[in-house]
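Q: coords below, sequence missing:
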Ligand SMILES: Nc1ncnc2c1ncn2[C@@H]1O[C@H](COP(=O)(O)OP(=O)(O)O)[C@@H](O)[C@H]1O
Ligand SMILES: [Mg+2]
C-alpha cells in the first residue's frame, strides 16, 4: 500500500531521498566542522554550485530527452574564455561580449543537436566531439594561456550583490525558475520527456522529435555559456582549462536528483538538490582538509551509486 | 469514391519484398480483419497505412485524398489512427499526457500547456468510451495491461478518426479484458468508422469482423465476408 503510494509519485519520492541525503551530509559536516554552517561558507557552497548548477540544469533537458551531453564543460570554458577575450583584448562593452559568448554557447549546442539529428549517432559520441572542439576553441582564442585583467566595472558587477545575494547565485535562481517553467509548464518540456520516454511513440504521434532535440541541446549550450561567464567572473580570468570534468559532475547531479539516465523522467528541483548534495560533499571534504584525490574518489563513488540507483529506479 | 483505398502498394526492406502489389478497399462502418502467419506482412501493411513506412510503389487514398508519402503526423491529421502492437505509450507519463500525445492543448502564447482543459476532456472521453481508470495522474506504466491497451485505444478514438487500425490489440490480454477491447472495436464500427483489425486470435476475429482478409508472404490469399467463410477455411488459407 505504502509502496504503491510512493511509486505513483516517483518524482516526489526521489526528491525526498535526495533531501534526506542532503540533510545527512549537512548534519555530518556541521558536527565535524564548526565553520560548515557559517553564513560565509553557505555562500561559498552556493556560489561554487552556480557553475555546476547551471550546467546540470542544461543537462537535465538533454537527459530528459534520452540524450547525454558531454560537451558542457568544454562549451563552458570556451564561452568564459571568449568573453574574457572580447572584454580584455577586444575592448568590447560587456553588454555585447556577454550575449555574444552566451549565444555562441547556444550555437555549439545547436550544432551538437543538428549533428545528432542528421547522423542519427548517439548523442554522447557527437557531444564528445563537440567537447574537444569547444575546448580547442578555448585554447585557440586564448593562445593557451589564461586571460587576466578584466575591466573593473565587470569585476565589481560580477562580485557584487543584489537583493542580498551574490550575482552568480542570482543567475542560478533565474536559471532554475526559467528551466522549471519550460520543463513542467510548456509543450516543449512535455515533448522532451516523451521523446526520452519512447522515441517511436513520439515520432508516430507527431512530436517534432528533431526540433525538440535541437532545442534541448541549444538550451544546454546556453546554460553552459552562462556557467562560463560565472566561472570567468569568479576567477577574474578567461581560463581555457576551466572546469575539466565538470560535465560528469553535472550529469551525476542530474541522475542523483532522480532523473532516468535513459530519458523520460527528470525534474529541475531534483537536479538542484543533486547539485547541492555534490556541492556540500565537496565543500565539507574541503573543510575537513581531505585531499583532492579522495574528493575525486568520493564524487566517483556517488556517480556510480547514482547510476546504480537510476537503474534500480527505472526497473520499477 | 469514399473509404480507404490501397492501389498496388508494395514495400521492401532492403532486398526483402515484404508486401507484393496489394490492392484493397475499406468501407466505413465495417470491421475488416487481416489474418496470416507470423511474418506475412500484416504489421507492415498497417504501418504503411498509418504513414510509419513509405510504400515503395502504389497509392493510398482516403475519401479521394492522396495520403501516400505523407508523414505519420499528417496521417493522424487526416483521420487515420493506429493502435500499435507495443502500444507506443510514454510509460513514465500519466494517462492524460498519453491521450493527448502530439495533440496537447496549449494556451495561446509560448506553448503553455492547458492541463486543466486536457484533464477535463480526458475524463469525459474516457467516460464516453466506457473506460474506467481511477486516477488519470497515474503513470501509464503502472497500469494493468488491459488498462494500457484501453489508453492506447482511447488515444486513437479521441479525435473522431475516420480510420482505426488495430495491431494485435488482444494478444497480451486476460480473457475479461479481451471482451472490453472487442466492445470498443464494435463501438467504433457503430460510429461509422473504417476499422481494420490484425489479429491471430481467430475467435476474436469471428466475433467482431464483417470481412476477413488472409495474407501470406506479402500476398493476398483470400478476401471474404465473415458470413461466407468458416474458421476451418480461414485456417486452411493461412497455412495452406
Ligand atoms: N523495419 C523492418 N526492417 C526490416 N525488415 C522488417 C521490418 N519490419 C518488418 N520486417 C520484416 O518484414 C516481414 C513481415 O513482418 P511483419 O509485417 O511484422 O509481419 P506480421 O505482422 O504479419 O507478423 C518479416 O519478415 C519481418 O522480418
Ligand atoms: Mg505483426
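A: Looks like it arrived, so ask away. Note that the coordinates shown come from a computational prediction; the quantities given were computed from them, not determined experimentally. Ligands and ions are numbered 1, 2, ... in the order given.
Q: contacting residues around residue B:130?
A: By Cβ atoms under 8 Å, 6 or more residues apart in numbering or on different chains, the residues touching residue B:130 are B:183-184, B:187. Any C-beta I mention is one placed from the backbone N, CA and C, and that applies to glycine too.
Q: quick one: which of those residues is nearest residue A:192?
A: Proximity of the contacts of residue B:130 to residue A:192 (Cβ to Cβ) peaks at residue B:184, which lies at 31.2 Å.
Q: how many other residues sit next to that closest one?
A: Residue neighbour count, defined by other Cβ atoms under 10 Å in any protein chain shown, stands at 24 for residue B:184.
Q: ok but it is inside a strand, no?
A: No - the assignment for residue B:184 by DSSP: H, G, I helix; E, B strand; the rest coil gives helix, which leaves it out of any strand.
Q: distance of it relative to residue A:274?
A: If you measure residue B:184 against residue A:274 using Cβ to Cβ, to the nearest Å, the figure is 43 Å.
Q: repeat that for residue A:143.
A: Note on residue A:143: its distance to residue A:274, by Cβ to Cβ, is 36 Å.
Q: what is the mean pLDDT for the helix or strand containing residue A:24?
A: Secondary-structure assignment from DSSP states H and E places residue A:24 in helix A:10-32. When the per-residue pLDDT values of helix A:10-32 are averaged, the result is 89.
Q: cool, stretch A:304-316 as well?
A: Mean pLDDT, taken over the full extent of stretch A:304-316, equals 74.
Q: before we move on, what SS does residue A:171 have?
A: Under three-state DSSP, residue A:171 falls in the helix class.
Q: wouldn't it be in contact with residue A:50 here?
A: Yes - using Cβ atoms under 8 Å as the test, residue A:171 is close enough to residue A:50 to be in contact (6.5 Å).
Q: mutual contacts of these two, please.
A: residue A:230.
Q: between those two, which is the more surrounded one?
A: residue A:50 (27 against 21).
Q: mind checking the backbone torsions on that one?
A: The phi/psi pair for residue A:50 (degrees, to the nearest 10) reads phi -60, psi -40.
Q: follow-up on the earlier one: anything in the helix holding residue A:24 near chain B?
A: Yes - applying Cβ under 8 Å from any Cβ of the partner chain, one finds that helix A:10-32 is in contact with chain B at residue A:10.
Q: residue numbers of chain B in contact with ligand 1?
A: Contacts of chain B with ligand 1, taken as Cβ under 6 Å from any ligand atom, map to B:13, B:18, B:36, B:38-44.
Q: of all these, which comes closest to chain A?
A: For chain A, the closest of these turns out to be residue B:43, at 13.0 Å, with distances computed as Cβ to the nearest Cβ.
Q: enumerate every residue touching residue A:101.
A: A:79-80, A:82-83, A:86, A:225, A:228-229.
Q: re earlier: residue A:143 and residue A:274: which has the busier surroundings?
A: With neighbours defined as other Cβ under 10 Å, residue A:143 and residue A:274 compare such that residue A:274 has more, 33 against 9.
Q: what's the spacing between the more buried one and ligand 1?
A: With the distance defined as Cβ to the nearest ligand atom, to the nearest Å, residue A:274 ends up 38 Å from ligand 1.
Q: and residue 162, its phi and psi?
A: With no chain named, the answer covers chain A. The phi and psi torsions at residue A:162 (degrees, to the nearest 10) take the values phi -140, psi 140.
Q: the intended chain is chain B.
A: Backbone dihedrals for residue B:162, given as degrees, to the nearest 10, come out at phi -100, psi -30.
Q: kindly report the same for the one 4 residues further on.
A: With angles defined as degrees, to the nearest 10, residue B:166 shows backbone torsions of phi -110, psi 120.
Q: can you tell me which residues contact it?
A: Residues near residue B:166 by Cβ under 8 Å, 6+ apart: B:82-83, B:153, B:185, B:195-199.
Q: if we go to 10 Å?
A: For residue B:166, the residues meeting the contact criterion (Cβ atoms under 10 Å, 6 or more residues apart in numbering or on different chains) are B:31, B:33-34, B:46, B:81-85, B:149, B:152-153, B:156, B:181, B:184-185, B:188, B:195-199, B:208.
Q: tell me the SS of residue B:18?
A: The assignment at residue B:18 comes out as strand when based on three-state DSSP.
Q: how deep is it tucked in, by neighbour count?
A: Counted with other Cβ under 10 Å, residue B:18 comes out at 20.
Q: wait, what's in contact with it?
A: Listed by Cβ under 10 Å, 6+ apart, the contact set of residue B:18 reads B:10-12, B:39-41, B:43-45, B:48, B:53, B:56, B:217-218.
Q: between those residues, which is nearest residue A:103?
A: Distance to residue A:103, by Cβ to Cβ, is smallest for residue B:53 among the contacts of residue B:18, at 40.1 Å.
Q: hang on, residue B:221 in a helix?
A: No - assessed by three-state DSSP, residue B:221 does not belong to a helix; its assignment is strand.
Q: thought it was touching residue B:233?
A: No - Residue B:221 sits out of contact with residue B:233 when judged by Cβ atoms under 10 Å, with a separation of 11.0 Å.
Q: now the strands for the stretch 201-316 of chain A?
A: A:237-238 (DSSP state E, counting those that start in this stretch).
Q: chain B too?
A: Ranges of strands in chain B, per DSSP state E, are B:4-13, B:16-26, B:30-36, B:57-62, B:65-66, B:80-83, B:163-167, B:194-198, B:211-216, B:219-225.
Q: in the chain, where is pLDDT below threshold?
A: Going with chain A. Judged against pLDDT under 70, the low-scoring parts of chain A cover residues A:1-9, A:313-316.
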